[in-house]
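> Return atomic coordinates for the entry below.
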Amino acid sequence: MVFSGILAKKLKRCVLILLSISLFIICIPISFDESEFDRLVDFLVAEQCVYEGVMNGQVGKYQEAIMAFELAIEIKPDYEIAHYGLGLAYLSLDNQDAALVEFEILMSLYSQLGPRLYYKIYLPGGITLLG
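Numbering: from 1, shown residues only. Purely as a prediction, here's the structure:
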């Protein structure tokens, strides 16, 4: 299944970070200015969307996964893991052209996830290196 592996590991790490942030905010009174608070809320909502995208992808609900990843990207356009997940969801629906668009976006963000998506597009049963 394409949604296991790196995406699941990064998601677990993000969940731990989110829990740490939540505990920190609850336990230590901090005054945020409004823009900092908005950025934090956007980050948390985008993380939740990625989580929903991964969970939907793991059970084969690829259209729902696509909607969740697209919402995360709408909130945070440079969110690499959301672009990667969206590319995997497109691949799961055999939409190679849309997956390539996400690959190009990842490469423009100088993301290390770009080459990973590229290999998933072309190597497993797709176009081979020999033609």
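
> Spell out the residue ranges of the helices in this protein.
All helices of the chain, identified by DSSP state H, fall at 6-27, 34-58, 62-75, 80-92, 96-108, 113-122.

> hey, which of those helices is tucked in deepest?
Counting by mean count of other C-beta atoms under 10 Å, helix 80-92 has the highest mean neighbour count of the helices of the chain, with a mean of 25. In this view, the C-beta of every residue, glycine as well, is placed from N, C-alpha and C.

> Name the residues that touch it?
Residues outside helix 80-92 that contact it (C-beta atoms under 8 Å, 6 or more residues apart in numbering): 2-3, 7, 10-11, 14, 46, 49-50, 53-54, 57, 60, 62, 65-66, 69-70, 72-73, 76, 96, 98-99, 102-103, 105-106, 109, 111, 113, 116-117, 120-121.

> pLDDT of that helix, averaged?
For helix 80-92, mean pLDDT rounds to 93.

> same question, stretch 45-65
Computed over stretch 45-65, the average pLDDT equals 92.

> Ok, stretch 110-120 next?
Averaging pLDDT along stretch 110-120 gives 82.

> Give me the contact list for stretch 99-108.
For stretch 99-108, the surrounding residues in contact (C-beta under 8 Å, 6+ apart) are 80, 83-84, 86-88, 90-91, 113-114, 117-118, 120-121.

> how much space between residue 35 and residue 107?
Residue 35 sits 30 Å away from residue 107, taking C-beta to C-beta, to the nearest Å as the criterion.

> Same question for residue 96.
Computed as C-beta to C-beta, the residue 96 to residue 107 distance reads 16 Å.

> if I look at residue 77, how far off is residue 71?
Note on residue 77: its distance to residue 71, by C-beta to C-beta, is 12 Å.
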